[in-house]
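Student: what follows is a predicted protein model with its sequence.
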Amino acid sequence: MAKFVIICVDILRCVSFRNEPTKKVLLHEHVPEMLVELLYRPVALPSNGKLGLYITRLLKVLSVCKLNKSKVSLL
């Protein structure tokens, strides 16, 4: 299960890299909140260092957008 989530998170990172409309859609769908919840509450998934790495990489890409940056920094 964790490998599937890692693949999905990496796909989101690749798709949203340098693509502002995609970042806005992900913000509208509350993806940053879900990522932070996965990062800090690994109840649903076992503790996996790679998952944390990929989540932080996606959050870094999303935080380039001003709207996402303000949302991620509040979480």
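Tutor: Okay, I see it.
Student: I'd say Leu62 and Lys23 touch.
Tutor: Yes - between Leu62 and Lys23 a contact is recorded at 5.7 Å, counting by CB atoms under 8 Å. Quick note: C-beta positions are derived from backbone N, CA and C, even for glycine.
Student: which neighbours do these two share?
Tutor: Between them, Leu62 and Lys23 share these contacting residues under CB atoms under 8 Å, 6 or more residues apart in numbering: 16, 68.
Student: what residue ranges in the chain score low on pLDDT?
Tutor: Low-confidence segments of the chain, defined by pLDDT under 70, span residues 42-48, 73-75.
Student: which parts of it are helices?
Tutor: 2-16, 20-28, 31-40, 49-62, 66-74 (DSSP state H).
Student: want to throw the ones you listed into JSON lines with mean neighbour count?
Tutor: Shown next, in JSON lines, are these (neighbours: other CB atoms under 10 Å):
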{"stretch": "helix 2-16", "mean neighbour count": "15"}
{"stretch": "helix 20-28", "mean neighbour count": "15"}
{"stretch": "helix 31-40", "mean neighbour count": "16"}
{"stretch": "helix 49-62", "mean neighbour count": "17"}
{"stretch": "helix 66-74", "mean neighbour count": "14"}
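Student: show me the contacts for the nearest residue to Leu39 once chain neighbours are set aside.
Tutor: Distance criterion CB to CB, 6 or more residues apart in numbering; nearest residue to Leu39, sequence neighbours excluded, is Ile55 at 5.1 Å. With contact set as CB under 8 Å, 6+ apart, Ile55 has these partners: 9, 35, 38-39.
Student: okay then, goodbye and thanks.
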